[in-house]
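Visitor: Output the structure for:
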Amino acid sequence: MFENCVADTGYSSGENYAYLEQQGLKSFIPPHGTYKGGPDGFIYNEGEDHYLCPQGKVIPFTKEFLDSRTKTRKKEYRARKHVCVGCPVREKCLGKSAQEKKFSVTYYRAEYERNIARVNSPQGRYMKGKRQSTVEPVFGTLTQFMGLRKINTIGIEQANKVMHLSAIAYNLKKYLKFTLKRSKSGAGMLALAVLLKSAVQFLLGASVKHRKSAFHFRTDKKKASYRSLHSSVL
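Guide: You can find the predicted model right below:
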């Protein structure tokens with residue numbers, strides 16, 4: 001049973017973090033560099049669901065909304081006008097035109113923070129090393145050197161076949177390099193021949209048998225023609 005999910009930043013989103021937690025999986029996915037848990041210097045109070053500004057003023061939660069640009073769920077926090085009146089850093093915090101402090105934070109802030117804590121833990125650093133040394137080199141080789149930048153099939157089942165065939169080709173390539181490092185006793189080449197035969201039979205299946213039967217049929221036909229020609233000459 002799987003317990004962990006490891007991926008790169010391209011899969012980072014609050015929705016993904018929340019879904020994995022619902023499935024009982026621990027995510028180790030680095031967040032986007034644009035993620036912010038709130039304005040700099042503001043402290044979040046999870047129990048009361050509000051922020052404290054550097055001057056100690058409360059910025060309460062006001063509403064939840066869907067961002068029209070990113071189509072993601074967010075939460076808005078806004079302070080009333082009188083809260084910021086007389087603040088010594090008012091102009092620096094609000095700017096010249098704003099009358100009140102207002103900002104938005106992702107709805108999945110808690111999921112982000114839990115994921116970030118896992119990523120920065122010793123286990124998270126171990127997971128990152130495993131991902132960079134095992135998964136990423138394989139996909140890099142397939143996409144950059146073996147023509148798998150795009151899968152031109154329809155449906156998950158067909159795409160799954162493409163990935164299996166690509167994995168077989170990749171493993172054969174790795175095995176060929178491995179055999180060069182072994183002794184020249186012939187044992188390595190024998191194992192390679194067996195592996196190649198098994199792979200070909202798996203890939204071609206019935207088509208191999210069909211070609212063999214067609215070959216025997218053509219051979220028998222040639223033999224019959226030869227016997228007929230030989231009889232006529234005699």
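
Visitor: show me where pLDDT drops low in this protein?
Guide: Where the chain drops to pLDDT under 70, the residues are 179-197, 199-234.

Visitor: Could you pull out the strands in it for me?
Guide: With DSSP state E as the criterion, the chain has strands at 4-6, 26-28, 43-45, 50-52, 58-66, 73-78, 102-106.

Visitor: What lies in contact with the last one?
Guide: What that stands for is strand 102-106. The contact list for strand 102-106 (Cβ atoms under 8 Å, 6 or more residues apart in numbering) reads 14, 35-39, 59, 65, 67, 72-79, 112. (Each C-beta comes from the backbone N, C-alpha and C, glycine too.)

Visitor: Next: the second one.
Guide: Taking contacts as Cβ under 8 Å, 6+ apart, the residues outside strand 26-28 that touch it are 3-7, 16-17, 20-21, 115, 118-119, 123-124, 127-128.

Visitor: contacting residues around the closest residue in space to Arg131 that isn't next to it in sequence?
Guide: Nearest residue to Arg131, sequence neighbours excluded (Cβ to Cβ, 6 or more residues apart in numbering): Val6, at 4.9 Å. Each residue near Val6 by Cβ under 8 Å, 6+ apart is listed here: 28-29, 127-128, 130-131, 135.

Visitor: Mind putting those residues into CSV with distance to Glu157?
Guide: Shown next, in CSV, are the contacts of Val6 (distance: Cβ to Cβ, whole Å):
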residue, distance to Glu157
Phe28, 29
Ile29, 27
Met127, 30
Lys128, 32
Lys130, 29
Arg131, 27
Val135, 23
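
Visitor: Considering those residues, which possesses the most neighbours?
Guide: Sorting the contacts of Val6 by how many neighbours each has (other Cβ atoms under 10 Å) puts Ile29 first, at 24 neighbours.

Visitor: That residue reaches Ser12, doesn't it?
Guide: Yes - look at Ile29 against Ser12 with Cβ atoms under 8 Å: they come within range, at 5.2 Å.

Visitor: all helices of the chain, in order?
Guide: Under the criterion DSSP state H, the chain carries helices at the ranges 14-22, 81-84, 90-94, 109-119, 122-130, 136-144, 156-181, 187-204, 206-233.

Visitor: picking that back up, what's the distance between the residue nearest to Arg131 and Gly124?
Guide: Separation of Val6 from Gly124 (Cβ to Cβ, to the nearest Å): 9 Å.

Visitor: Check Leu20 too.
Guide: Taken as Cβ to Cβ, the span from Leu20 to Gly124 is 14 Å.

Visitor: if we can go back for a sec, show me just the buried residues among the contacts of strand 26-28.
Guide: 5-7, 16-17, 20-21, 115, 118-119, 124, 127 (16 or more other Cβ atoms under 10 Å).
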